[in-house]
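Participant: here is the input, now give the coordinates:
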Amino acid sequence: MSARFRLFTIAFSLVLFAAPVARVHAQDATPTPDIHAQHHVAGAPAAPGSSAPVDSDVAGHLLHMQGMLDELAAMELPDAARSHVEHMQGMLKELAPDMEAGKMTEADLKPHLEHVEVMFGELEAMDLPAAARGHVEHMSSMLGEIAPQTPSASSSSDMSGMDMSGMDMSGMDMSGMDMSGMMSQMEDMMAMMDETMDREMPADMQQRMKMMRGMMDDMMSGMQDMQGGMMSDGMKDMQAIDHAIPMTGTELALDADAMEAMPGMDHSMPMTSAEPAPDAGTMDGMDHGVSSGAHAMAPVPSAGVPDATAAAGAQPLDFTMDGDVKVFELTAQPVRWPLMEGVVATAWTYNGSVPGPMIRVTEGDKVRVVFKNELPEPTTIHWHGVTVPNSMDGVPGVTQEAVKPGDSFIYEFTAQPSGTYWYHSHFNSDQQIGIGLYAPLIIDPKDAAASTPDVDVTMMLGEWRVVDGETYAAMPMAGMEPNYFTVNGKAFPAIETIQVKKGDRVRLRFINAGQFVHPMHLHGFPFEVVATDGHAVPEAAILTKDTIAVASGERYDVEFTATETGQWMLHCHITHHLTNDGVEPGGLMFMIDVVE
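Facilitator: Here you go, the predicted model:
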């Protein structure tokens, strides 16, 4: 673990610790007004622990977690971590039927959530591979959204005797503290935590305290390791951290005007913590999707945006020849894009469609893409999975400067290797990809005729948030979850039916451009997984399945033979993803029509 990360963790954990302890200490006989209740939106889910049925969004999150646990189980894990994962897999599989049927109440679910929270806390403390840790942290974040940790004002906690006078959190200056001072401060906090944990408190608060105490032990060990040569470098790295973070432990409150300004956001979400952002000055134009919260939560500007003229996305893009180079032209531009009848999103697109046009070339082709930016902010193009020169990789502030509004950039590379790929924005990507800046890129093998199926269909999976006619960037964040799910920019029933003849060999190319896992299930036929992320699967390793979980950024090519006539459904098996603004049927489902 780097010195910078350890120090950042210490600083951020001080904020996390201060919030619950100070909140409990400040509690007295006079109930504190509940800001969340004041801003509660009609129809928002009841708090966990009530007798109301489990909300569909909560069920959707848990089913999403079930898919991610399945992916986690397929990774290399320490034995203890694998035991935790398998235990949670079994628990969620047992709960899934009742949740899907609407038979489970919030009160029934609460003890299971508390148990899962403890297990995730233990998982996070383990030494996990980077990919597994990413899954665990993402699921922990999701769990925090559906199982709020803040105790209500009516809790019967006897915490009035706790003395915080020995620790002035609001006056702490991390930038000027030496390592000995940090360790002394940490020891004070650990002693206070031990005292706090002996007091009576709600179960959810007790669990949070235990997790914090374990983190403190780990951080104390890390600080002891850092004494010596690493110390000076670590303290220098602390310069990049924003020391203006308030350390008073107060809850984040938004006034009525601020809440009014964010109609696309579910204001019933708990607002008790904030995620630290890197110092923009250290990244010089680079943006990996960590934009300001206000920017990400604001609606996409729609004034003056024209209606789309294209009827469908992912259509083949024409090219011209310049010697032996295939030249394609792309323009990033906003349009009003219909997701289905009566639902129009403000989309940022390549060449006016969602997805953008399909670039289809043959392995070894020389490719030139002339790109122009007509968006109101900078952007770039990243060629996801394609082997390109570093200068063509599309990462702003690293391999190129972002393309400013009105400017152009030329990308050049040789198409390799063959397979299913895609291209997308790599600037403010949390927003730009989600509102349409993505498209397929197919590189056919030189001997394509030998492996060409009768039907070859590319499907890009996406998510959208459209509220009261305004479009917001959908993301896995409380209050910003998608309410429309699309295949090639359309939601059922607007998704085009795939026409197939009996006996045809069919290839389906799944590309997940969204931020949620989609386990895609085909009725009627088993399929073979013939390629993953553009790379052919060796014949001896080909799997036969009927459901495949497609994570964000992943591609899977599957093939089957249409042996039976009829209309066969293909759909995501997270059932909430089969809704349009919460109404079923909709979303990620469509038909494959097999005829004689």
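Participant: need the longest strand for this structure.
Facilitator: As assigned by DSSP state E, the longest strand anywhere in the chain is strand 325-340.
Participant: how about it as CSV, C-alpha atoms only?
Facilitator: In CSV, the C-alpha atoms belonging to strand 325-340 read as follows (Å, rounded to 0.1, in the frame of the first residue of the first chain):
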residue,chain,number,x,y,z
VAL,A,325,-6.2,4.1,-45.6
LYS,A,326,-9.9,3.8,-44.7
VAL,A,327,-11.1,7.3,-43.6
PHE,A,328,-14.1,7.6,-41.3
GLU,A,329,-15.7,10.9,-40.1
LEU,A,330,-17.3,11.3,-36.7
THR,A,331,-18.9,14.3,-35.1
ALA,A,332,-19.9,14.5,-31.4
GLN,A,333,-23.2,16.4,-31.2
PRO,A,334,-26.3,16.6,-29.0
VAL,A,335,-29.7,15.4,-30.3
ARG,A,336,-33.1,14.6,-28.8
TRP,A,337,-33.2,10.8,-29.0
PRO,A,338,-36.4,8.8,-28.6
LEU,A,339,-35.9,5.8,-26.2
MET,A,340,-39.4,4.6,-26.9
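Participant: now residue 216: how far from residue 185?
Facilitator: Taking Cβ to Cβ, to the nearest Å as the measure, residue 216 falls 11 Å from residue 185. Glycine gets a C-beta too; all of them are placed from N, C-alpha and C.
Participant: show me the shaky parts of the stretch 1-150 of the chain.
Facilitator: Residue ranges of the stretch 1-150 of the chain with pLDDT under 70: 1-51, 145-150.
Participant: can you show me the helices along it?
Facilitator: Using DSSP state H, counting those that start in this stretch, the helices of the stretch 1-150 of the chain run over 3-25, 35-38, 56-73, 79-100, 106-124, 130-146.
Participant: show me how far the fourth one is from its chain's centre.
Facilitator: If you compare the mean C-alpha spot of helix 79-100 with that of the full chain, they lie 21 Å apart, counting by Cα atoms, centre = their mean, to the nearest Å.
Participant: tell me the angle of it relative to helix 106-124?
Facilitator: Orientation check (axes from the mean of the first three to the mean of the last three Cα atoms, to 10 degrees): helix 79-100 against helix 106-124 gives 160 degrees.
Participant: list the buried residues for helix 79-100?
Facilitator: Within helix 79-100, the residues that qualify as buried by neighbour count (16 or more other Cβ atoms under 10 Å) are 81, 84-85, 88-89, 91-92, 95-96, 98-100.
Participant: and those as CSV, adding distance to residue 389?
Facilitator: Shown next, in CSV, are the buried residues of helix 79-100 (distance: Cβ to Cβ, whole Å):
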residue, distance to residue 389
81, 39
84, 43
85, 39
88, 43
89, 42
91, 48
92, 44
95, 49
96, 47
98, 53
99, 49
100, 48
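Participant: out of the residues you listed, which is nearest to residue 327?
Facilitator: Closest approach between the buried residues of helix 79-100 and residue 327, by Cβ to Cβ: residue 85, at 48.9 Å.
Participant: show me the contacts for that closest one.
Facilitator: By Cβ atoms under 8 Å, 6 or more residues apart in numbering, the contact list for residue 85 reads 69, 72-73, 77, 123.
Participant: please repeat the previous calculation with a cut-off of 10 Å.
Facilitator: Counting by Cβ atoms under 10 Å, 6 or more residues apart in numbering, residue 85 touches 68-75, 77, 119, 123, 132, 135-136.
Participant: buried members of those into PyMOL, please.
Facilitator: Applied in PyMOL, the following selects the buried portion of the contacts of residue 85 according to 16+ other Cβ under 10 Å:
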select buried, resi 68+69+70+71+72+77+119+123+132+135+136
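Participant: quick check: next helix or strand after the strand or helix carrying residue 460?
Facilitator: Assigning secondary structure by DSSP states H and E places residue 460 in strand 455-467. The helix or strand immediately downstream of strand 455-467 is strand 470-472, counting by DSSP H and E.
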